[in-house]
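Trainee: Based on what follows, work out the 3D shape:
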Amino acid sequence: MISKKLAIDVLNEALATGADYAEIFYEDSNSYGVSIENGKVETSSSSSMCGAAIRLLKDNQCIYGYTNDLTKKGLLELARSLRASLHGERLITVTKLDMIRAKNRNPIVRSYNDVPRSEKIALIKEGTDYIASLKDPRLVRYIGSFGDNHRFIAVFNSKGKWFKRESEFGRLAFQVVAADQTGFETGFEGPGAQQDISYFHTVVNPVDCAKRAVRVALQNLGAKECPSGKMPVIIGNGWGGVLFHESCGHPLEASAVAKGLSCFAGKEGELIASPLVSAVDDSTMPQAWGSIDIDDEGNLGTKRQLIKNGKLTDFMIDDLNGRRMNREGNGACRRQNYRYIPTSRMSNTYIENGKSTPEEIIAATKLGLYTVGFNGGSVDPSTGEFNFGCSEAYIVRDGKICEPVKGATLIGKGFEILKNIDMVGNDLALGQGMCGASSGSIRTNVGQPTLRISECVVGGRGGELK
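Mentor: Predicted coordinates:
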């Protein structure tokens, strides 16, 4: 840990050549993971990280560097090397540091560092033993894993403030590969939370997780190829929210908006979606996968209403990009670790509940596609153009879910899809994932209720939908 006295000395050294803001980011974290493959091969790994970074800002210029030499000499040398990029007179002198206090919505009850390895392995074996008991020759590979992470950070800045944050995460996952003479398919299920291991004993059922992974893999193995063309598409709740996250969430981050690289830049207050659509990014949800009490530059976590009844109402903003937008940061600044420059990122991002039931949405669809999961894709934030592969999908005929299909890809533009949403369900759920961008890979929740897109381009090799 860096003392306040040392932090003041380093900040003042960094500010000597005219930076208008300086920040020290300290991190001490450790991770552990264990996995079991095919019920026999057991592997485990652990890692730790400790270091600090210094960030200097002057107007819209950012200078950044990091080190794992946490001695006074090492930190002062880093400060001097960074300040050499600026040429001017001192603007700020730091004389004291007052603590910023945030409500602890993510308390650590029982640290994963104190949980024996055997307890974590027992959770995995509940699921892998179930898969082994099926004795299905098509299940050629299955991996169960459990990973946890403990992270402590402290930030000191030239506003005369400092704060600390401690967090822990756990995730249980099962990946299944099924194969026969026609090829192979995969299934995955991986719930996680910012909670201790009791969550995986009481809320999560390892056998149910393994069952879902097996079902998807075997179902896709025997499924027909998805038809192609324009059609209504129903997207299931929970993990289906990754489509909004990628195609609309990233263009609503200030890192794209401030530079004019977002299809939503300059459209605040405009109708960008169906009036049925309201969406938020909420980092204050207690113990949720993407929550933060305070962001990585000292702004308190908030609930940001991004879209309200179809109108664009806000963005996710960090302080640097906020300067370019003449806006204050709103608690959305995040980074993977001290080696990454922080920027605006999502936390728990979801479309809010509507008034329809999932059953009503399906019953109102005469012919279309119903998808409940995605397995990858890409998006261009500047245009909103995306394509996403579906991991689990079905044909809907005459208001009923019919045969499963594989190889479905959704293609379109995020702002067009938002306007084509014509039914929104009341069954909001969240799904846990890792989001990669310029500030590294961070934990985010995606989510939505079941909803219907009146028309979307679907790619597939199954010919015309009939």
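Trainee: Let me see the ranges of the helices in the stretch 1-150 of the chain.
Mentor: For the stretch 1-150 of the chain, helices defined by DSSP state H, counting those that start in this stretch occupy the ranges 4-14, 72-83, 117-134.
Trainee: Residues in contact with the last one: which ones?
Mentor: The contact list for helix 117-134, computed with CB atoms under 8 Å, 6 or more residues apart in numbering, reads 34-36, 39, 42, 44, 139, 142, 144-146, 148, 172, 174, 176, 197, 200-201, 206-207, 209-211, 214. Glycine gets a C-beta too; all of them are placed from N, C-alpha and C.
Trainee: about what we covered before: so which of the helices of the stretch 1-150 of the chain gets nearest residue 259?
Mentor: Evaluated with CB to CB, these place helix 72-83 nearest to residue 259, the distance being 23.0 Å.
Trainee: Give the closest residue to residue 402 in space, chain neighbours not counted.
Mentor: Excluding its sequence neighbours, the residue lying closest to residue 402 (CB to CB, 6 or more residues apart in numbering) is residue 395, at 4.8 Å.
Trainee: Which of the three states applies to that neighbour?
Mentor: With DSSP: H, G, I helix; E, B strand; the rest coil as the basis, residue 395 sits in strand.
Trainee: Neighbours of it, how many?
Mentor: Counted by other CB atoms under 10 Å, the residues lying close to residue 395 total 22.
Trainee: For it, give its distance to residue 256.
Mentor: Distance, residue 395 to residue 256, by CB to CB, to the nearest Å: 36 Å.
Trainee: still on that earlier bit, tabulate the helices of the stretch 1-150 of the chain (TSV), appending mean pLDDT, distance to residue 378 and mean neighbour count.
Mentor: Formatted as TSV, the helices of the stretch 1-150 of the chain follow (pLDDT from 0 to 100; distance: least, CB to CB, whole Å; neighbours: other CB atoms under 10 Å):
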stretch	mean pLDDT	distance to residue 378	mean neighbour count
helix 4-14	98	38	20
helix 72-83	98	34	17
helix 117-134	97	31	17
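Trainee: and residue 267, which of those is closest to it?
Mentor: Per CB to CB, nearest to residue 267 of the helices of the stretch 1-150 of the chain: helix 72-83, 36.4 Å.
Trainee: quick revisit: could the helices of the stretch 1-150 of the chain be laid out in TSV, adding distance to residue 349?
Mentor: Shown next, in TSV, are the helices of the stretch 1-150 of the chain (distance: least, CB to CB, whole Å):
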stretch	distance to residue 349
helix 4-14	33
helix 72-83	33
helix 117-134	28
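Trainee: Looking at those helices, spot the one closest to residue 180.
Mentor: Nearest to residue 180, of all those, is helix 117-134, at 14.8 Å by CB to CB.
Trainee: so how far is that closest one from its chain's centroid?
Mentor: Taking CA atoms, centre = their mean, to the nearest Å, the mean C-alpha location of helix 117-134 is offset from the chain mean by 27 Å.
Trainee: The protein - how does it break down into domains?
Mentor: Here the domain parsing of the chain from automatic domain parsing is 4-221, 224-459.
Trainee: Quick check: which of the ones you listed is buried the most?
Mentor: Highest mean neighbour count of the domains of the chain: domain 224-459, a mean of 21 (counted as mean count of other CB atoms under 10 Å).
Trainee: what is the mean pLDDT for it?
Mentor: Averaged across domain 224-459, the pLDDT comes to 94.
Trainee: now do stretch 187-203
Mentor: For stretch 187-203, the mean per-residue pLDDT is 95.
Trainee: And residue 95, what's its pLDDT?
Mentor: On the pLDDT scale, residue 95 is placed at 97.
Trainee: excluding its backbone neighbours, what's nearest residue 325?
Mentor: Per CB to CB, 6+ apart, closest to residue 325 is residue 258, 5.0 Å.
Trainee: residues in contact with residue 170?
Mentor: 112, 146-148, 192-193, 195-197, 199-200.
Trainee: Confirm that it lies within a strand, as I assumed.
Mentor: Yes: with three-state DSSP as the criterion, residue 170 is located in a strand.
Trainee: centre of the chain versus stretch 247-258, how much separation?
Mentor: That offset, for stretch 247-258, works out to 14 Å (CA atoms, centre = their mean).
Trainee: Apart from its neighbours in sequence, what residue is nearest residue 256?
Mentor: Spatial nearest neighbour of residue 256, excluding adjacent residues (CB to CB, 6+ apart): residue 262 at 4.0 Å.
Trainee: mean confidence for stretch 50-62?
Mentor: The average pLDDT within stretch 50-62 is 97.
Trainee: Wait, the residue nearest to residue 256 touches residue 379, no?
Mentor: No: if you go by CB atoms under 8 Å, residue 262 and residue 379 don't touch, sitting 11.2 Å apart.
Trainee: quick one on the thing from earlier: check contacts around the residue nearest to residue 325.
Mentor: The neighbourhood of residue 258, defined by CB under 8 Å, 6+ apart, consists of 321-322, 324-325.
Trainee: please redo it, this time with the cut-off set to 6 Å
Mentor: If you count contacts by CB atoms under 6 Å, 6 or more residues apart in numbering, residue 258 has them with 321, 324-325.
Trainee: what's the answer for residue 370, then?
Mentor: Per CB under 6 Å, 6+ apart, neighbours of residue 370: 234, 394, 396, 401.
Trainee: Just want to check the distance between it and residue 390.
Mentor: 10 Å.
Trainee: A strand includes residue 340, no?
Mentor: No: going by three-state DSSP, the assignment for residue 340 is coil, not a strand.
Trainee: Mind checking what secondary structure residue 220 has?
Mentor: Once three-state DSSP is applied, residue 220 turns out helix.
Trainee: Kindly apply the preceding question to residue 430 instead.
Mentor: Look at residue 430: counting by three-state DSSP, its state is strand.
Trainee: For it, give me its contacts.
Mentor: Residue 430 makes contact with 445, 447, according to CB under 6 Å, 6+ apart.
Trainee: ok, now residue 440?
Mentor: Residues in contact with residue 440 (CB under 6 Å, 6+ apart) are 335-336, 340.
Trainee: what's the closest non-adjacent residue to it?
Mentor: Spatial nearest neighbour of residue 440, chain neighbours left out: residue 336 (2.5 Å); criterion: CB to CB, 6+ apart.
Trainee: Surely the one you found is in a strand?
Mentor: No: Residue 336 is assigned coil when assessed by three-state DSSP, not a strand.
Trainee: residues contacting it?
Mentor: Contacts for residue 336 (CB under 6 Å, 6+ apart) come out as 440-442.
Trainee: Let me have these in TSV, extended by distance to residue 304 and secondary structure.
Mentor: Shown next, in TSV, are the contacts of residue 336 (distance: CB to CB, whole Å; DSSP: H, G, I helix; E, B strand; the rest coil):
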residue	distance to residue 304	secondary structure
440	21	strand
441	21	strand
442	16	strand
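Trainee: Between those, which sits nearest residue 349?
Mentor: Using CB to CB, those come closest to residue 349 at residue 442, 12.0 Å.
Trainee: who does that closest one bridge with?
Mentor: Listed by DSSP bridges, the beta-bridge partners for residue 442 are residue 435.
Trainee: I'd like to know how far it sits from residue 342.
Mentor: 10 Å.
Trainee: With residue 146 instead?
Mentor: 29 Å.
Trainee: try residue 335
Mentor: Taking CB to CB, one finds residue 335 at 4 Å from residue 342.
Trainee: Cool, thanks, talk later.
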